[in-house]
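> Just a sequence and a predicted model for now, questions to come.
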Amino acid sequence: MELEDKIDVSTLNTVFRDAIELCQHLGIDFLWIDRLCIVQDDPADLAREIANMGYIYEDALLNIGGVAAASQSARADEGLFTDRSDYARANDPMCARVWRNNYDQLCWIYQKSVYTSLNESAMMLRGWILQERLLSPRSIYFDHQLHWECSELMACEYFPEGVPRQVQQRLVGYPQRWGVDYPLKITTLILDARSVAEQLLETPVELATHWTSPYQAWMKVIERYSRCYLTHESDCLLALSGLAKHFAREFDDEYLAGLWRKDLLEELLWYCDKPPSLLDSEKYLRNCNTPSWSWASRRPSGIKFISDEFYGVLARFSRTAKLEEVTVILNGDDPTGNVSSGEIRICGPLRKTLGQIREKYTEGPLYHCEWWDDGYYRSGYRVVSNNYHFLMGYIPYNDIAKTDDLDDRRILPPYEGRRVGLILESVNSETDVYRRVGVFMHVCHTWKGNDDYLKPRPGDCEEFKDFDPNNYERQTITII
């Protein structure tokens, strides 16, 4: 209650005092600081303000980040305005003249950290920071050099007009450049998700349909968020609440514990890119009652989505599963907040997992893959028991996979002929209740390509070896 009457500025830390000074200098009358504007020990006030957090950042004039002060090497009294003399001496560019035949060019050589340090900073690995950065219309970051970004520009003192094109060309692919030379803002992210696939090798429309949707932008957000850390793991969904509300307006869709109803069958196919060792697996479970089918049930482990990782693949994805019902029980009134429980009723082909030992495949996505959420033993194996494979769909083989046309092959490489689905664990066999424990992508045993290393080995992943897409049985199950 004392802070409602007045705030003794001298008692604030250096970052807060510097932020007040900056706002006064810029003529900004109001400043929002979470720690001061939210009553931290009042659950009702905390829940109310967290639910409104997205609107606070979206409607702000400017977001201020103390990047240097958040680093592990920062002094206790570090503020926004840091001593930058050592940084400048270490990172000043070198000049070199290049002669070759009739070519004569003066080149400036910069340290890579000049334009990547912000994205790799400790502050940007904080879970709550991601939605602040994405939702605020413009941001300024106080590191050992100033960085600033809006929806049109990502710049810093070394590159005040934006990172040069030569650097952009060295940053491979989409969207690794976000936050480096490309603004990490929600409006830019959604627009880019709609347009980027259409620019890739003149991708056919039928392949670009899913990848250009705004849902792909959401998957990119989750992939990035899954590499961030939270002080309290129970804040996993809360720290995305503002972003989820923005996407809900964009999608006109229902939010379900981190996934979206209209895109649920695709978004269920997430996997842990770097799963833990089985010996440490319990450390990677979140304590927030999140259903197993949601990526939010796992601690930071590099979440990825099959439909995003293999872009274009699921545009040719023939579904074998049908969603019947989804129920999510909220832990409060906020539809984008924490949940108490959730279950999915889904119908599709279900097969008992064969064998007792499962080997960790190291050949990568060009081979058949299984990603178990809790990983493998350090030996590269795991024992399976009471597990089932649930087929979500298949990617049919067709003649284009064996074409000699290079343009076709680079768009449709060896993803032809795949079975894709969930790995489950039985919870109650009498009521057909299961828990998700992984995801799989198996090569069809009828593979017709010339690449022998893509062909399954005898005994490998034979759950759906005899699957007939024209004649198969479905079973209705519940996943919790």
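Yep, that arrived. Numbers count the residues shown, from 1 in each chain.
> Who are the contact partners of the residue nearest to Leu62 when sequence neighbours are not counted?
The shortest distance from Leu62 to any non-neighbouring residue, by CB to CB, 6 or more residues apart in numbering, is to Arg138 (5.6 Å). For the C-beta atoms, the positions are set from N, CA and C on the backbone; glycine is no exception. Counting by CB atoms under 8 Å, 6 or more residues apart in numbering, Arg138 makes contact with Leu61, Leu62, Asn63, Trp148, Glu149, Cys150.
> list the contacts for the last one?
Okay, so that is Cys150. Cys150 sits in contact with Pro137, Arg138, Ser139, Pro183, Lys185, where contact means CB under 8 Å, 6+ apart.
> Tell me the spacing between Ala96 and Ile109.
Ala96 is 6 Å from Ile109, where distance means CB to CB, to the nearest Å.
> got it, and Cys228?
32 Å.
> Equivalent analysis for Asn63, please.
Distance from Asn63 to Ile109, by CB to CB: 32 Å.
> Check whether Leu323 really touches Leu265, as I assumed.
Yes - taking CB atoms under 8 Å as the definition, Leu323 is a contact partner of Leu265 at 6.0 Å.
> Just want to know which of those two has more residues nearby.
Neighbour count, other CB atoms under 10 Å: between Leu323 and Leu265, Leu265 has more, with 20 against 15.
> what separates the helix or strand harbouring that one from the chain centre, distance-wise?
Assigned by DSSP states H and E, Leu265 belongs to helix 264-267. Centre-to-centre, helix 264-267 and its host chain are 15 Å apart (CA atoms, centre = their mean, to the nearest Å).
> Kindly report the same for stretch 334-347.
Centroid separation between stretch 334-347 and its chain, computed with CA atoms, centre = their mean, is 20 Å.
> do the same with stretch 230-242
With CA atoms, centre = their mean as the basis, stretch 230-242 stands 14 Å off its chain's centre.
> re the thing from before, which one of the contacts of Cys150 is nearest Glu463?
Using CB to CB, Lys185 is the member of these that lies nearest Glu463, at 43.4 Å.
> where's the spatially most central residue of the chain, which helix or strand?
Centroid-nearest residue in the chain: Glu223, 1.3 Å away (criterion: CA atoms, centre = their mean). In the assignment (DSSP H and E), Glu223 maps to helix 214-225.
> surely Gly162 meets Cys156?
No - counting by CB under 8 Å, Gly162 stays clear of Cys156, with 9.2 Å between them.
> quick revisit: and the contacts of Cys150, which two are the farthest apart?
Going by CB to CB, the pair spanning the contacts of Cys150 furthest: Pro137 and Pro183, at 10.5 Å.
> For the stretch 151-300 of the chain, which segments count as helices?
Under the criterion DSSP state H, counting those that start in this stretch, helices of the stretch 151-300 of the chain are mapped to 165-168, 186-199, 205-211, 214-225, 241-251, 264-267.
> quick check: mean pLDDT across the longest helix along the chain?
Among the segments of the chain that qualify as a helix by DSSP state H, the longest is helix 43-58. Here helix 43-58 scores 91 as its mean pLDDT.
> Let the chain start at 30 from now.
All right, first residue 30 from here; so that's helix 72-87.
> related to what we said a few turns ago, find the residues that touch each one of Pro166 and Pro212.
Residues touching both Pro166 and Pro212 by CB under 8 Å, 6+ apart: Cys179, Ser180.
> Same drill for those two, tell me which one is more crowded.
Set Pro166 next to Pro212 and count neighbours by other CB under 10 Å: Pro212 wins out with 25 against 16.
> what does the model give the more buried one for pLDDT?
pLDDT, Pro212: 84.
> Is it correct that it is in contact with Leu182?
Yes - between Pro212 and Leu182 there is a contact under CB under 8 Å: 6.5 Å.
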